[in-house]
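Novice: All I have is the shape, not the residue letters:
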């Protein structure tokens with residue numbers, strides 16, 4: 001390995017590294033504003049200046065490639081004077097509004113001016129003023145503070161894939177702006193707030209809410225989709241004030257989607273804080289004792305075969321397990337988690353996971369999408385696909401027209417007949433697929449909902465096994481789950497496909513065969529109520545609560561500890577950051593109360609008991625935050641029937657996918673802006 005000398009110490013570095021990266025290997029801190037590990041190098045700010053032997057001028061370490069034999073010094077008077085000069089220039093036009101700036105306490109410029117700046121300025125000219133820009137309901141601008149680092153521009157272009165930000169003018173007249181006065185349309189747009197090293201771009205919904213040192217910080221995970229992005233929940237008292245990303249290069253790197261970041265204001269609105277019973281067609285407040293009494297009476301007089309249950313999209317593993325045990329205790333076997341009936345083969349864990357892993361997307365040399373829209377179904381997966389496309393020129397193909405995914409892809413067909421031709425080697429694409437070394441197939445729930453859903457899954461799995469694309473080193477089979485609870489529900493077998501009497505669960509729901517239906521956090525399940533008695537247990541007064549006869553309040557995901565399995569099969573912990581609203585009780589405690597009343601026994605003694613029992617049910621469990629142990633069984637293809645039909649991809653109302661998002665004013669504002677933009681685009 002080549003060697004470089006930094007402050008008299010010899011360091012080995014990898015070929016292709018910059019001087020700044022080599023300095024980091026030597027544990028030498030280099031100040032910077034424009035440089036960022038995940039973005040291209042710009043060399044704008046010049047704050048990272050260092051001294052290089054035989055160079056009359058200081059060099060920008062972020063843009064200078066490290067080479068064998070270099071002698072770098074970072075702590076000399078020469079370097080100190082250069083950095084002070086740069087800082088003086090940066091502050092020449094910067095407004096002195098730190099006391100009212102939302103970036104205060106988290107500002108790179110503030111921190112670095114303390115360590116590398118001077119306490120006075122030689123400039124007496126008037127400071128410049130830049131007009132504020134409109135960037136939508138999420139980003140608050142004060143562009144007078146901008147130091148032209150261009151991080152936001154590079155992020156929008158390179159990572160988000162939406163070239164809506166740019167620079168106009170030159171020198172002192174340079175301005176960062178949207179080319180047209182409109183909202184940024186990327187689902188990742190608010191990450192520019194984290195990237196901005198000054199207070200030019202701050203959070204509009206969070207403006208003047210709290211100071212960083214006033215907030216309690218809790219490391220947790222996101223449940224808005226099945227990705228399991230790592231987040232930090234910041235609370236002030238009971239209120240969740242903001243959600244920020246945590247770095248996890250295996251999952252979300254250091255980005256999160258706008259929905260993950262901003263739906264949190266929905267945690268404060270439309271909350272269920274006390275039990276309700278419907279009397280004379282209207283919901284009225286009641287006590288826990290009365291609600292439990294009525295539920296027990298209904299269960300006692302109802303045939304277990306006529307009791308159905310459905311679990312929602314954001315329910316933790318512990319609560320799924322406790323719900324199933326509760327249902328089994330009352331002899332109910334009709335339950336499911338799917339919002340629409342799609343095909344599941346739960347015989348092997350690889351049948352319902354994103355087996356290539358999210359980080360593995362970057363290793364692939366060909367990607368095939370089948371009936372999925374990763375941009376809306378799993379935003380962070382889509383960002384990783386774009387990264388593979390930009391960085392590695394990975395070709396991407398799709399069965400079904402998805403629309404704009406922020407990268408180029410080829411539509412090779414939109415019917416199951418095309419799929420059949422590919423599997424049979426009768427399509428030109430088959431040759432491209434078979435010539436690839438590490439292909440990825442991503443199957444969406446929209447494809448599995450088709451009449452040919454079983455055929456698509458079983459045939460592609462057989463095809464991949466036959467051509468050795470599923471082995472110990474690489475697994476090309478990937479299912480793109482949409483909900484945080486999906487993989488956990490399949491692991492815990494929270495579904496029943498036995499065809500008895502009235503048929504499947506979905507057929508019984510359609511035919512209104514149930515007399516009692518228990519909904520646990522289920523707000524997206526389409527249910528046309530007739531004479532059923534409906535119990536809703538959840539955190540928000542959303543769609544499930546609207547049709548309920550009894551409402552039992554329970555905590556949201558930030559208000560209780562819980563485990564989730566993301567679409568890769570990685571088990572993660574969601575930690576309690578706040579407290580439940582009013583009289584709300586944790587879900588497993590509610591089931592304990594009902595069983596205590598019914599049978600005078602407890603399902604679980606405490607949370608630790610529940611957690612231990614739940615972990616014992618997880619297939620291929622390898623540890624917290626780890627991918628599951630991969631066990632490859634002999635592929636046994638199940639017989640399936642082929643139907644020639646069009647592969648339609650279900651549209652997702654991205655900003656309104658769950659009860660928390662629908663209660664969020666910020667998400668409502670984003671949705672309205674998007675609808676307005678679509679209308680204007682149609683009119684033009």
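Specialist: Looks like it arrived, so ask away. Please read all numbers here as calculations on a predicted model, not as lab measurements.
Novice: From here on, just use CA atoms for contacts and neighbour counts.
Specialist: OK.
Novice: Output the below-cut-off pLDDT ranges for the chain.
Specialist: 497-503, 634-635, 681-684 (pLDDT under 70).
Novice: And the longest helix anywhere in it, what's buried?
Specialist: Longest helix of the chain, by residue count under DSSP state H: helix 665-683. For helix 665-683, a neighbour-count test (16 or more other Cα atoms under 10 Å) marks 665-668, 670-671, 673-674 as buried.
Novice: What of stretch 233-252?
Specialist: Within stretch 233-252, the residues that count as buried by 16+ other Cα under 10 Å are 233-236, 239-247, 251-252.
Novice: quick one: it to chain centroid distance?
Specialist: Averaged C-alpha coordinates place stretch 233-252 at 12 Å from its chain's average position (Cα atoms, centre = their mean, to the nearest Å).
Novice: Just to check, residue 224 is in contact with residue 260?
Specialist: Yes. Contact criterion Cα atoms under 8 Å: residue 224 and residue 260 qualify, at 6.1 Å.
Novice: For residue 344, which non-adjacent residue is spatially closest?
Specialist: residue 352 (7.4 Å; Cα to Cα, 6 or more residues apart in numbering).
Novice: Now do that neighbour: how many residues are near it, please.
Specialist: 24 (other Cα atoms under 10 Å).
Novice: Now for it: which residues touch it?
Specialist: 344-346, 478-479, 487 (Cα atoms under 8 Å, 6 or more residues apart in numbering).
Novice: Which entries within these meet the buried criterion?
Specialist: 344, 478-479, 487.
Novice: Now secondary structure and distance to residue 117 too, for the residues you listed, in JSON lines please.
Specialist: What follows is the buried ones among the contacts of residue 352, written out as JSON lines (DSSP: H, G, I helix; E, B strand; the rest coil; distance: Cα to Cα, whole Å):
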{"residue": "344", "secondary structure": "coil", "distance to residue 117": "61"}
{"residue": "478", "secondary structure": "strand", "distance to residue 117": "52"}
{"residue": "479", "secondary structure": "strand", "distance to residue 117": "52"}
{"residue": "487", "secondary structure": "helix", "distance to residue 117": "52"}
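Novice: Now these in CSV, please, with extra columns for distance to residue 532.
Specialist: Formatted as CSV, the buried ones among the contacts of residue 352 follow (distance: Cα to Cα, whole Å):
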residue, distance to residue 532
344, 28
478, 38
479, 34
487, 29
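Novice: Return the member of those nearest to residue 386.
Specialist: residue 478 (17.0 Å; Cα to Cα).
Novice: quick one: the helices in the stretch 301-450 of the chain?
Specialist: Counting by DSSP state H, counting those that start in this stretch, the stretch 301-450 of the chain has helices at residues 317-329, 374-377, 379-392, 416-423, 428-435, 445-448.
Novice: among those, which is nearest residue 11?
Specialist: Per Cα to Cα, nearest to residue 11 of these: helix 379-392, 28.2 Å.
Novice: Run through who's touching that closest one.
Specialist: 158-161, 187-188, 227, 229, 251-252, 255-257, 358-359, 361-365, 374-375, 394-396, 405-407.
Novice: for the stretch 151-300 of the chain, what spans make up the helices?
Specialist: 151-154, 191-195, 258-262, 288-300.
Novice: would you list the ones you listed in JSON lines and tack on mean neighbour count and distance to residue 468?
Specialist: Conversion of those to JSON lines gives the following (neighbours: other Cα atoms under 10 Å; distance: least, Cα to Cα, whole Å):
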{"stretch": "helix 151-154", "mean neighbour count": "22", "distance to residue 468": "39"}
{"stretch": "helix 191-195", "mean neighbour count": "20", "distance to residue 468": "39"}
{"stretch": "helix 258-262", "mean neighbour count": "22", "distance to residue 468": "37"}
{"stretch": "helix 288-300", "mean neighbour count": "16", "distance to residue 468": "52"}
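Novice: Need those in JSON lines (columns: distance to residue 280).
Specialist: Shown next, in JSON lines, are those (distance: least, Cα to Cα, whole Å):
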{"stretch": "helix 151-154", "distance to residue 280": "56"}
{"stretch": "helix 191-195", "distance to residue 280": "49"}
{"stretch": "helix 258-262", "distance to residue 280": "38"}
{"stretch": "helix 288-300", "distance to residue 280": "15"}
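Novice: So which of those helices is nearest residue 474?
Specialist: Among these, helix 258-262 sits nearest to residue 474 (Cα to Cα), with 30.4 Å.
Novice: That closest one packs against which elements?
Specialist: strand 239-245, helix 665-683 (3 or more Cα pairs under 8 Å, 6 or more residues apart in numbering; DSSP states H and E).
Novice: Check the secondary structure at residue 572 for me.
Specialist: Here residue 572 is recorded as strand under DSSP: H, G, I helix; E, B strand; the rest coil.
Novice: residues in contact with it?
Specialist: Contacts of residue 572 by Cα under 8 Å, 6+ apart are 221, 228, 563-566, 624-625.
Novice: do residue 346 as well
Specialist: 352, 490-491.
Novice: One more: residue 547?
Specialist: Counted by Cα under 8 Å, 6+ apart, residue 547 has contacts 529, 534.
Novice: starting at the chain centroid, how far to stretch 457-464?
Specialist: 28 Å.
Novice: who touches that stretch?
Specialist: Stretch 457-464 has contacts (Cα under 8 Å, 6+ apart) with 423, 448, 470, 476-477, 635, 637-640.
Novice: Pick out whichever of those sits closest to residue 326.
Specialist: Among those, and counting by Cα to Cα, the member closest to residue 326 is residue 448, at 29.6 Å.
Novice: isn't the closest one right up against residue 338?
Specialist: No. With contacts counted by Cα under 8 Å, residue 448 stays clear of residue 338, the gap being 11.7 Å.
Novice: will you turn the helices and strands packed on helix 258-262 into a markdown table that also has distance to residue 100?
Specialist: What follows is the helices and strands packed on helix 258-262, written out as a markdown table (distance: least, Cα to Cα, whole Å):
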| stretch | distance to residue 100 |
| --- | --- |
| strand 239-245 | 18 |
| helix 665-683 | 23 |
